[in-house]
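Trainee: Pasting the sequence and the predicted model now:
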2 protein chains.
Amino acid sequence: MSDVAHPSPKASIAEERASPSFPVRELTYWIDGGRRVTELKERIMLELERDPLWRVNDHPNLTLAETRERAMSKVRRLADLATSRPLEESLMRMSIISVVDPGFWTRFGVHFGLFFGALQGQATAAQMAYWMDRGALSMQGITGCFGMTELGHGSNVAGLETTATLDERTDEFVVHSPTLTATKWWIGGAAHTATHCAVYAQLIVKNKRHGAKTFVVQLRDTKTFALMPGVEIGDLGKKMGRDQIDNGWIRFTHVRIPRSHMLMRHTKVTRSGDVIEPPLAQLAYGALIQGRVSMVSDSANVAKRALTIATRYASVRRQFGGGAPGVAETKLIDYPIHQYRLLPLMAQTFAMIFTAREVTANYEKLMGELSELSDSNDAAAADAIKNLKETHATSAGLKAFCTWMCLNIIDQCRQSLGGHGYSAYTGLSQAYSDFAVHCTWEGDNTILTLQCGRYLVATALEARKGQPLPENLSYLRGAVSSAGALSSRACTGDTPENVSSLDTLKAAWSSVAANAILNAVRDFEAGLAKGLSKDDAYEFSSASRLHAARMHTYTYLLHRFAAQVDQSPATLRPVLTLLAQLFGAHSAVQHSGEFLQSKFYSGAQIEALKAFVTHACSEIRKDAVSLTDAFNYTDYVVNSPLGRFDGDVYEKYFELVTSLNPAKPVPYFDSLIKPLLERTNETELGPDLEIDE
Amino acid sequence: MSDVAHPSPKASIAEERASPSFPVRELTYWIDGGRRVTELKERIMLELERDPLWRVNDHPNLTLAETRERAMSKVRRLADLATSRPLEESLMRMSIISVVDPGFWTRFGVHFGLFFGALQGQATAAQMAYWMDRGALSMQGITGCFGMTELGHGSNVAGLETTATLDERTDEFVVHSPTLTATKWWIGGAAHTATHCAVYAQLIVKNKRHGAKTFVVQLRDTKTFALMPGVEIGDLGKKMGRDQIDNGWIRFTHVRIPRSHMLMRHTKVTRSGDVIEPPLAQLAYGALIQGRVSMVSDSANVAKRALTIATRYASVRRQFGGGAPGVAETKLIDYPIHQYRLLPLMAQTFAMIFTAREVTANYEKLMGELSELSDSNDAAAADAIKNLKETHATSAGLKAFCTWMCLNIIDQCRQSLGGHGYSAYTGLSQAYSDFAVHCTWEGDNTILTLQCGRYLVATALEARKGQPLPENLSYLRGAVSSAGALSSRACTGDTPENVSSLDTLKAAWSSVAANAILNAVRDFEAGLAKGLSKDDAYEFSSASRLHAARMHTYTYLLHRFAAQVDQSPATLRPVLTLLAQLFGAHSAVQHSGEFLQSKFYSGAQIEALKAFVTHACSEIRKDAVSLTDAFNYTDYVVNSPLGRFDGDVYEKYFELVTSLNPAKPVPYFDSLIKPLLERTNETELGPDLEIDE
């Protein structure tokens, strides 16, 4: 090691901000959706930071009991804010909290999102009024949880075992867990918090089953918190992450509730025991979509944090390369391989940001249309339901794709911190543990991806029969025209510019997605030809169906990203264009086999694309820190000494670790260490033992 | 849901064992290396299970303080065993503990592996005798830690800032941390355990720096545990995983140690201040290799556990498909997509098992050869060093590749458990957190992969100049012969049998690896042609170099796997062959672009390969549970109710969760919940506030 005074970390990051290629603040406004939104966000971030309840940098040192108690202490603060402040502000606060404090976000969301959401989606107007009156919105008198999953059933809601049997004599339902596997499991808020539960159970009337419906069941006395008769509750204890939320199990033994506690907006059960099915059962899908759409935003928001930490640290940390006298070691971000590790993830993050914005807007538009519908079966309803189906399938694919992508981004960013990524105080190990559940809840990602794939296959088959293709699948137009042979255009020329323009990349991905969907169709039809049932033919084609959904979702993201680039201010367009190209090109290189097989790109063109990726990384590298600045998370939200705005990573990391772990005598020195050090051999031989013979 | 009595979990798994295609016990012997080894393993697993100290299923419920204290209580037990029992047994015990209790494995390994290992590798015979005499082997009087990494430097050992300056007047070294970033960081055992530390510091003699060397520094008084003068120690607190080990930071302020406490097997410093450099500095590499080789075994061992859990659960868990009356829901493992998720991971695990066996044997052989060498520069030494270089590079690539592969296997297996994978009691979330550090320590995986790539490029260049190729790179023979154009054979025919035979797959991977290495050579030379220095040209080619190392390592694993299949008993050969084919074929499909670009496979052949993968998964599915049985981990080692041998997952999962989390009153009902439920609106309006104007 040579005796070089390294530039200080602060100076190292300051020089990164010297000449961004774009107006940083403008990009923040563009990402957030305008200056007003940015300023509201900044106000909320500051409010949280200044609220002592919302300290987060000591989370790693709390026990499970302390974690849960701290979370509960925040519930009231937020419940009061949620009922007294405008909805837009509350939603934004929750969106920030989902990054800062994801476990608490779940603790709070179980009541407001799941329990209250179930009422909103499934209660009649009169029922809604009744539960509102009892405090279901404001958590005054009622705290709710959501009792869907069981020990033996998760994804397969139709297979739930809990029963709700109408007793016509008393006009009550009897809610019962008939087996061990019927025990409600993973119920957030059950262990410590909830007074009521929205229970999914098999509706049984006159010995006939009518499928899983939702029933409000009181769990605890609201004055004493004693369990109601027939209700047993246990604590699920420690989890991979999100320990702020007290997941529990619930077992019902012949628990009686009034008939009116079944939520009857869709299916109704009359006093005389008639079951009236709804005309538009599919409308219940709407509720599922919201969770999925919001997870696309979550993925983008969490990825922004991870990249802020990894990118800023890479601009400060120096390693190797300082061989020559007087030359400082090289910043991580100056290594091509480090650019290659991080900057494609940056491009993915932007792809998710802009996709989230578009699908959220589309979803809100759709929900508006649906709420206009009367509950009857007219043409408008048919149209809306078609739309709903498409959004349902697309959002399923997007939820799976983006949560997987974000989970990978978190771990890649964590690994890019080297050893310091393994500390609990640098932020990303907990981020991983907290985020991982997104890949499972609200629909297991594999199952959701297959759902999306099934929709793609069905749509391609319908298009063959002459049905119009939805906008997002217009790339299938040529492909389904005749025998299924794809007459795609191929890329001409193999200069980097040529293969990597946004238009070329969009065409490339469309061609690959079309190809993948046709392959899945072919496998599905091969299954049918073997004599399999439709469902079994879908299972038979599941590998290609999964693949088709992934290729479609890449294509979808690239198109959304490109559309947003087109609409962006001229000052931002160059950097956003490059990021969109990097997203499309890097993803294509990762799946080069698809492009070679579809003959869109030749081998030489793939090589040119690789060269473009390297070039794009080196260009974006110049703006890397400024891009994280444009994400505009305060140091409080970033919550990692390695991701600080001012780059003062070592001082602040040391301070945090030492303040949270003050020096103390080793607690077990006398009992364990001293005897270890001072012991002598206990296995020394005594006098020879003679054996009588 | 229809009223079907599902087959019990126990019956579901029992039927999986009805007719394995191979003798299960024989495969266990083959994996372990013989019946004697299997029986020794079984004895040790049982001993650990019956030792109350080694209870592990309650780990999730321990606090950090309890976790560390429990770990310390086991140190003595193991230290006594390590010194009184045969080495083979001790090594095997540690290997089992690395799966059962990885955090403790580290706590113990810091002394025996790192501290004592440093003495073994770097102390002179006289120094070794001195430290042994003071109890360095048996932990009687001395507990050691390993002080290499600093806050500001990890991978770049040459850049460490701690100094050890010779004071010729007193014949002492002065060990000092000149800056904050020089603080020793991540030092396992420092916070609570160690009395001595093997400190890496820059040797400074007569104002001249001689690079980083190793010095034994006493940290604490062995009677009182008080810190020695000039030594400051702090606790690094909570980590992502492995909380059993008490990582700490250490700062030295002019700490004086005798000159003889520098380990002088290689570099020597005399009384008069002469520094004598060793003739064969490279021999110090040997110590690095051992850690890397052992991590290949670790990866295989941990992957075996993850697959045991995921596969057994998939044979018991039922989901969907039970539509028809009287038909039970379908086992997860019967879904083609679930087979596709798990069984390629099973094949990867076998690839790692057999690769670990071969590289371990090769490493031991090499170390034997090296120990025969005199410390002089003769021909045998040159040969051995060439061998060492190759093993060094190969093991670097393997360590990175296998630890990444295993980390992915753990998380894929965890996700395949659905929601239950998120519980801390089902085993795989903690396994992930514990294992993740393997991708960083003993060399960051990216840096190690690049090291391997650099060796591959250098070897190809030397081969062009006529140097013989090492055995493992013989596939480069044709490739480097002339201008670098690869005259590879291509696959002929496109039936699944044709494209997927082991010989074809070996040739396919060899061709792709050769291609990737040549690409890296081309990029490296392009860098040189641009006028870059050799080091900068290597940086310039880092993306293709990284890729070349990955392709080479896939090829290496496939060849090792195939070689072991060739030697395996005839009764095992069919199933092992199929697993090896699945490994090669699935990996090829994942990288189909490489095979299309190298023109080994055509597009139609890739499709045939995909069909083969599906077919192989459906075949191996029949033996899936038997393969986990052959891994022969007891339920204690599997340590997950979902991975039980008898399949009784729900009962035992419920029992574990309820016994560890017994019912208790909610601790903060009175303080937090009651006031929340009973509050009234505090924001109600009072009388209108009139403002004087």
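Mentor: Arrived safely.
Trainee: For the stretch 451-600 of chain A, which residues score under the pLDDT cut-off?
Mentor: Applying pLDDT under 70 to the stretch 451-600 of chain A flags residues A:481-488.
Trainee: The stretch 151-300 of chain A too?
Mentor: Using pLDDT under 70, the flagged stretches of the stretch 151-300 of chain A are A:280-285.
Trainee: who in it is up against chain B?
Mentor: With Cβ under 8 Å from any Cβ of the partner chain as the criterion, the stretch 151-300 of chain A meets chain B at residues A:151-156, A:158-161, A:180-181, A:183, A:185-186, A:192-193, A:195, A:202, A:209, A:212, A:222-223, A:225, A:233-241, A:249. (C-beta placed from N, C-alpha, C; glycine too.)
Trainee: A:Phe594 and A:Lys530, how far apart?
Mentor: Small correction: residue A:594 is Glu, not Phe. 26 Å (Cβ to Cβ, to the nearest Å).
Trainee: sorry, back to before: if any of the residues of the stretch 151-300 of chain A next to chain B are buried, give me the PyMOL selection for them.
Mentor: Applying 16 or more other Cβ atoms under 10 Å in any protein chain shown to these, the buried members can be selected in PyMOL as follows:
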select buried, chain A and resi 151+152+153+154+155+156+159+160+161+181+183+185+186+192+193+195+202+212+222+225+233+234+235+236+237+238+239+240+241+249
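Trainee: Inside strands: which ones of the residues of the stretch 151-300 of chain A next to chain B?
Mentor: A:Trp185, A:Trp186, A:Gln202, A:Arg209, A:Ala212, A:Ile233, A:Gly234, A:Asp235, A:Trp249 (DSSP state E).
Trainee: Those: which two are farthest apart?
Mentor: Longest distance between any two of these is 31.6 Å, between A:Arg209 and A:Asp235; criterion Cβ to Cβ.
Trainee: Going along the chain, name the strands of the stretch 51-200 of chain A.
Mentor: Here the stretch 51-200 of chain A has its strands, by DSSP state E, counting those that start in this stretch, at A:144-147, A:163-167, A:172-176, A:184-188, A:196-205.
Trainee: And for chain A?
Mentor: A:144-147, A:163-167, A:172-176, A:184-188, A:196-205, A:208-218, A:231-235, A:247-252, A:255-258, A:268-269, A:275-276.
Trainee: and B:His420, which of those is closest to it?
Mentor: It is, among these and with distance given as Cβ to Cβ, strand A:184-188, at 8.3 Å.
Trainee: And for that closest one, what's in contact with it?
Mentor: Outside of strand A:184-188, the residues within contact range by Cβ atoms under 8 Å, 6 or more residues apart in numbering or on different chains are A:106-107, A:110, A:114, A:145-151, A:154, A:162, A:177, A:190, A:194, A:197, A:199, A:236, A:245-252, B:419.
Trainee: Can you check what angle separates that strand from strand A:208-218?
Mentor: Strand A:184-188 runs at 40 degrees relative to strand A:208-218, counting by axes from the mean of the first three to the mean of the last three Cα atoms, to 10 degrees.
Trainee: mind checking how far strand A:184-188 is from the chain centre?
Mentor: Strand A:184-188 sits 19 Å away from the centroid of its parent chain (Cα atoms, centre = their mean, to the nearest Å).
Trainee: how far off strand A:247-252 does that strand point, in degrees?
Mentor: 130 degrees.
Trainee: Turn the ones in strands among the residues of the stretch 151-300 of chain A next to chain B into a markdown table, columns for distance to A:Phe22.
Mentor: Output for these, formatted as a markdown table (distance: Cβ to Cβ, whole Å):
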| residue | distance to A:Phe22 |
| --- | --- |
| A:Trp185 | 49 |
| A:Trp186 | 45 |
| A:Gln202 | 57 |
| A:Arg209 | 60 |
| A:Ala212 | 51 |
| A:Ile233 | 54 |
| A:Gly234 | 54 |
| A:Asp235 | 51 |
| A:Trp249 | 52 |
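Trainee: Which of those lies at the shortest distance from chain B?
Mentor: Among those, A:Asp235 lies closest to chain B (Cβ to the nearest Cβ), at 4.2 Å.
Trainee: Write down the beta-bridge partners of that closest one, one by one.
Mentor: When bridges are called by DSSP bridges, A:Asp235 pairs up with A:Gly248.
Trainee: Can you name the residues that contact it?
Mentor: Applying Cβ under 8 Å, 6+ apart, the residues near A:Asp235 are A:Ala191, A:His192, A:Asp246, A:Asn247, A:Gly248, B:Asn661, B:Ala663, B:Lys664.
Trainee: Please look at the third one and A:Cys145 and confirm they touch.
Mentor: No - under the criterion of Cβ atoms under 8 Å, A:Asp246 is not in contact with A:Cys145, lying 9.5 Å apart.
Trainee: Contacts for stretch A:86-97, please.
Mentor: In contact with stretch A:86-97 (Cβ under 8 Å, 6+ apart) are residues A:37, A:40-41, A:44-45, A:48, A:78, A:81-82, A:104-105, A:108-109, A:297-298, A:301, A:637.
Trainee: Check which residues of it are buried.
Mentor: Result for stretch A:86-97 [16+ other Cβ under 10 Å]: buried residues A:Ser90, A:Met92, A:Arg93, A:Met94, A:Ser95, A:Ile96, A:Ile97.
Trainee: Where does the stretch 1-150 of chain A get nearest to chain B, residue-wise?
Mentor: Counting by Cβ to the nearest Cβ, the stretch 1-150 of chain A gets nearest to chain B through A:Pro60 (4.0 Å).
Trainee: number of nearby residues for A:Trp131?
Mentor: Close neighbours of A:Trp131, defined as other Cβ atoms under 10 Å in any protein chain shown, add up to 20.
Trainee: Please report the number of neighbouring residues for the nearest residue to it once chain neighbours are set aside.
Mentor: Using Cβ to Cβ, 6 or more residues apart in numbering or on different chains and skipping residues adjacent in sequence, the residue nearest A:Trp131 is A:Leu119, 5.5 Å away. Burial measure for A:Leu119: 21 neighbouring residues, criterion other Cβ under 10 Å.
Trainee: now A:Gly478
Mentor: 16.
Trainee: Burial check on A:Asp503, number of neighbours?
Mentor: Neighbours of A:Asp503 (other Cβ under 10 Å): 8.
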